[in-house]
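Student: Take this sequence and fold it.
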Amino acid sequence: MSSATESIQAVKEWLLAKHPELDDLEPNLDLIENRVIDSLGFMDFVFFLESLVERELDVEAGSVDAFRTLRSIEEKIFQPD
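Tutor: As a prediction, the model looks like this:
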């Protein structure tokens with residue numbers, strides 16, 4: 001992916017394809033709390049993100065907040081320090 005905006009759009013489409021009952025995902029929606037991402041699908045989601053950023057992601061307990069919202073994914077994964 002060439003930009004964070006394109007990457008986050010790909011993430012949104014991937015999540016919506018897995019949840020056809022949803023019409024859209026707001027940038028600040030807590031994906032974990034709202035069960036858009038559940039414990040069974042979390043690693044699949046991480047693997048998908050890694051394929052977009054072409055690097056391994058840190059998934060330690062303290063880093064889970066980076067995966068909570070589309071906004072945090074964009075800021076912490078697609079636009080790292």
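Student: Count the neighbours of Asp44 for me.
Tutor: 12 (other CB atoms under 10 Å). (C-beta placed from N, C-alpha, C; glycine too.)
Student: er, Val64 actually
Tutor: Around Val64 there are 12 residues (other CB under 10 Å).
Student: In space, what's closest to it - neighbours in sequence excluded?
Tutor: Ile32 (7.3 Å; CB to CB, 6 or more residues apart in numbering).
Student: Let me know the secondary structure of that neighbour.
Tutor: coil (DSSP: H, G, I helix; E, B strand; the rest coil).
Student: Correct me if wrong: it contacts Ala66.
Tutor: No - contact criterion CB atoms under 8 Å: Ile32 and Ala66 do not qualify, at 11.2 Å.
Student: still on that earlier bit, burial count for the residue nearest to Val64?
Tutor: By other CB under 10 Å, neighbour count at Ile32 equals 16.
Student: swap in Ser7?
Tutor: Counted with other CB under 10 Å, Ser7 comes out at 19.
Student: Okay, and it sits in which element?
Tutor: Ser7 is part of helix 4-18 when elements are defined by DSSP states H and E.
Student: how about Glu74, what does it touch?
Tutor: Ala4, Thr5, Ser7, Ile8, Pro27 (CB atoms under 8 Å, 6 or more residues apart in numbering).
Student: Quick check: the gap between the residue nearest to Val64 and Arg68.
Tutor: 6 Å (CB to CB, to the nearest Å).
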